[in-house]
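> what follows is a predicted structure for the sequence shown.
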Amino acid sequence: MPIHPTAIVDPGAAIAESAEIGPYSIVGADVEIGPRTRLTAHVFLEGPLSIGEDNLLFPYSTVGVAPQDLKYRGERSRTAIGHRNRIREFVTIHRGTEGGGMVTSIGDDNLLMAYAHVAHDVRIGSHTVLANAVTLGGHVIVEDWTVIGASTGVHQFCRVGRHAFVGGYSVITQDVLPYSNTVTAREAKVFGPNATGLKRRGFSAAAVEALHKAFRLLTHSGLNTTQALDRIGAEVEASPEVKELVEFIRSGRRGFVK
């Protein structure tokens with residue numbers, strides 16, 4: 001396998017023959033690296049960590065190190081990364097803790113731009129984009145097809161629903177609804193469905209219109225959440241997207257961005 005002579009690889013690491021370890025990279029014990037994954041240069045990996053196939057890690061990215069959680073006591077938690085992810089310069093990804101399921105996980109086909117931070121016990125789905133300097137606090141859940149704009153901070157335990165778009169420089173302290181277009185000035189506000197993104201991904205006009213009606217009841221009707229959900233059930237077509245939106249709200253613990 002191509003390992004640069006300046007790289008340091010622990011004998012306890014398991015590296016596929018087609019993986020590539022670039023100059024000055026450090027790979028610790030209990031690290032698994034799948035086929036065709038490439039560490040360009042100056043990448044630091046610490047186990048227990050599993051990285052799948054066809055990933056590309058850019059210089060100065062750091063994956064699998066101990067979390068910045070004062071409750072962490074060295075428990076043998078881990079980090080799991082799927083396939084075809086691009087992890088750009090200075091990204092930091094911390095492993096899980098006992099209080100959060102012991103694992104930080106990232107799915108497939110994600111782009112983490114420079115300086116993004118993924119804290120302990122975060123779960124990121126697939127096909128997401130975290131722009132430059134996005135910060136995810138511990139225990140955050142980011143679902144599939146989400147885009148989070150540059151320098152956005154997401155508070156611990158918040159969820160960002162599927163197909164949501166979060167504008168840059170947002171401060172997210174509550175759940176972000178699936179399919180929503182959420183932008184902040186000083187506080188986060190929902191401006192309706194993520195219509196452009198949903199159309200690009202093949203959602204029908206009827207599905208987008210049903211979401212538009214649901215968001216209008218949730219955010220512009222003056223109703224409280226219970227009243228708005230009742231009205232959605234009575235007045236809005238029960239499409240799969242609307243059902244997912246309603247279930248997302250009902251299962252939340254922190255409220256959601258309006």
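Looks like it arrived, so ask away.
> average pLDDT for stretch 52-68?
Here stretch 52-68 scores 98 as its mean pLDDT.
> just give me how far it sits from the chain centre.
Remark: stretch 52-68 is offset 14 Å from the chain centroid, using Cα atoms, centre = their mean, to the nearest Å.
> tell me how this protein divides into domains.
8-142, 199-250 (automatic domain parsing).
> ranking the ones you listed by mean pLDDT, which is last?
Among those, domain 199-250 scores lowest, at a mean of 92.
> circling back to that earlier point, return the most buried member of the domains of the chain.
domain 8-142 (a mean of 20; mean count of other Cβ atoms under 10 Å). For every residue, glycine as well, the C-beta is placed using N, CA and C.
> that one spans what distance, first to last residue?
By Cα to Cα, to the nearest Å, the extent of domain 8-142 from end to end equals 33 Å.
> again with stretch 233-240
Stretch 233-240: ends 13 Å apart by Cα to Cα.
> residue 171: which of the domains of the chain is closest?
When these are compared by Cβ to Cβ, domain 8-142 sits nearest residue 171, at 10.3 Å.
> which outside residues touch the helix or strand encompassing residue 63?
Here residue 63 sits within strand 62-65, counting by DSSP states H and E. The contact list for strand 62-65 (Cβ atoms under 8 Å, 6 or more residues apart in numbering) reads 28, 31, 43-49, 51, 57, 78-79, 81, 87, 90-95.
> mind listing which of the residues you listed are in helices?
If you go by DSSP state H, the contacts of strand 62-65 have nothing in helices.
> and residue 128, what does it touch?
Per Cβ under 8 Å, 6+ apart, neighbours of residue 128: 107, 110, 111, 142, 144, 145, 146, 147, 148.
> quick check: residue 45 touching residue 22?
No: contact criterion Cβ atoms under 8 Å: residue 45 and residue 22 do not qualify, at 11.9 Å.
> joint contacts of these two?
With Cβ under 8 Å, 6+ apart as the test, residue 45 and residue 22 both reach residue 39.
> and residue 242, helix, strand or coil?
helix (DSSP: H, G, I helix; E, B strand; the rest coil).
> for stretch 249-258, buried residues please.
249, 252, 256, 257, 258 (16 or more other Cβ atoms under 10 Å).
> show me which of those is closest to residue 123.
residue 252 (15.3 Å).
> go through the protein and flag its longest helix.
Max-length helix for the chain by DSSP H is helix 205-219.
> determine which two of the buried residues of stretch 249-258 are furthest apart.
It's 252 and 258 that sit farthest apart of the buried residues of stretch 249-258, by Cβ to Cβ, at 12.4 Å.
> list the beta-bridge partners for the closest residue to residue 8 other than its chain neighbours.
Distance criterion Cβ to Cβ, 6 or more residues apart in numbering; nearest residue to residue 8, sequence neighbours excluded, is residue 26 at 4.8 Å. Following DSSP bridges, residue 26 is listed with bridge partners residue 8, residue 44.
> ok, so what distance separates residue 26 from residue 69?
As for residue 26, its distance to residue 69 is 23 Å (criterion: Cβ to Cβ, to the nearest Å).
> swap in residue 14?
27 Å.
> with residue 55 instead?
In terms of Cβ to Cβ, residue 55 sits 25 Å off from residue 69.
> lovely, talk soon.
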